[in-house]
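[1] Fold the following, please.
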Amino acid sequence: MSRKLFCQIRPLCYRISMQKEHLLRNFKDLLSKQRFAAEKSGEPLKNIVKSHSSILIRKLHGVDLRLQENKVTNIQLACDKVNGLIIRPGQTFSFWKTIGKTSARKGYKEGLVIEDGKLVSGIGGGLCQMGNLIHWLVLNSPLQVTELHHHSDALFPDERRRVPFGTGTSVCYNHIDYRFYNCTDQSVQLLTWIEDGALCGELRSERPFPYRYRLVEEDHHFSREGDQYYRISRVYRLVFDRETGTQLAKELILANHSKVLYDPALIPKEQIRNAAH
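    The predicted structure follows:
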């Protein structure tokens, strides 16, 4: 039998380990020379770089609907923190420095969180959807992602998915953060709000960037390897010249090989390769 890690011994040990990670992150940030964005403006910048929306409540197999309803409350609180944030040239956006620690005292509710590869409930759960939205906006811009933690597993079957699989990010206060750096010569701004049951967002800039971007997923399929199923694909980012429309680059940003954690019976049979007979 494998030896348990300190954080796995009991709940108190887990809390101590998390507090250690929080302190370590704060110490590293204190020593770093990063300048974190904190300024907000109620006046939107003129140019829309990218806009996107995602349904807040989806039909997820085996998930308590109450946790999804609570997620809406959590995301609204997070929207209020992010909406209008200005990221100046040379500044870094930090998900957790912007939103802060979630707590019941601040109005956050029990939502769905991932802990040790399992779906459990926790205060502030569901904020990964906010991280996913922001990351998608950034992927469609020249901004530089400096910290990203991919979801390593396929947790749910698709339900009205509009973006390539795997292009989201995990977040967990405060050591699992999402960060990007404004490497451009102009300020950018994040706008986030809830409208008609959807989380909406825009990335704005002072003026148009010279390039536009498109993300595509290729060779998507499921593979049976032993007794386990995996979701496999490659995600590329295409870069185009804005004026001519000429494709300038095709960048591999993600090679998915994600373990399927939901019932394999929900996988469309036509999408399975190497299935055992």
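[2] For Thr192, grab the count of nearby residues.
    Applying other C-beta atoms under 10 Å, we find 22 residues neighbouring Thr192. For the C-beta atoms, the positions are set from N, CA and C on the backbone; glycine is no exception.
[3] ok, it - contacts?
    Residues in contact with Thr192 (C-beta atoms under 8 Å, 6 or more residues apart in numbering) are 78-79, 82-83, 130, 133-134, 199-201.
[4] what do you get for Val235?
    Neighbouring residues of Val235 by C-beta under 8 Å, 6+ apart: 164-167, 215-218, 252-256.
[5] cool, Phe165 as well?
    Contacts of Phe165 (C-beta under 8 Å, 6+ apart): 154, 158, 217, 220, 231, 233, 235, 256, 258.
[6] again, but for Arg88
    35, 37, 39, 182, 187.
[7] ok, those vs Phe240, which is closest?
    Asn182 (21.4 Å; C-beta to C-beta).
[8] How many neighbouring residues does Val49 have?
    Val49 has 21 nearby residues by other C-beta under 10 Å.
[9] Same check on Lys40?
    14.
[10] got the residue ranges for the helices in this structure?
    Taking DSSP state H, the helices of the chain run over residues 11-31, 65-82, 95-99, 128-139.
[11] winner for burial among these?
    Most buried of those by mean neighbour count (mean count of other C-beta atoms under 10 Å) is helix 128-139; its value is a mean of 23.
[12] Show me the contact partners of that one.
    The contact list for helix 128-139 (C-beta under 8 Å, 6+ apart) reads 49-52, 54, 56, 71, 75, 78-79, 82, 93, 95, 99, 114, 145, 148, 151, 163, 167-171, 178, 180, 190, 192, 199, 201-203, 213, 215, 237, 253.
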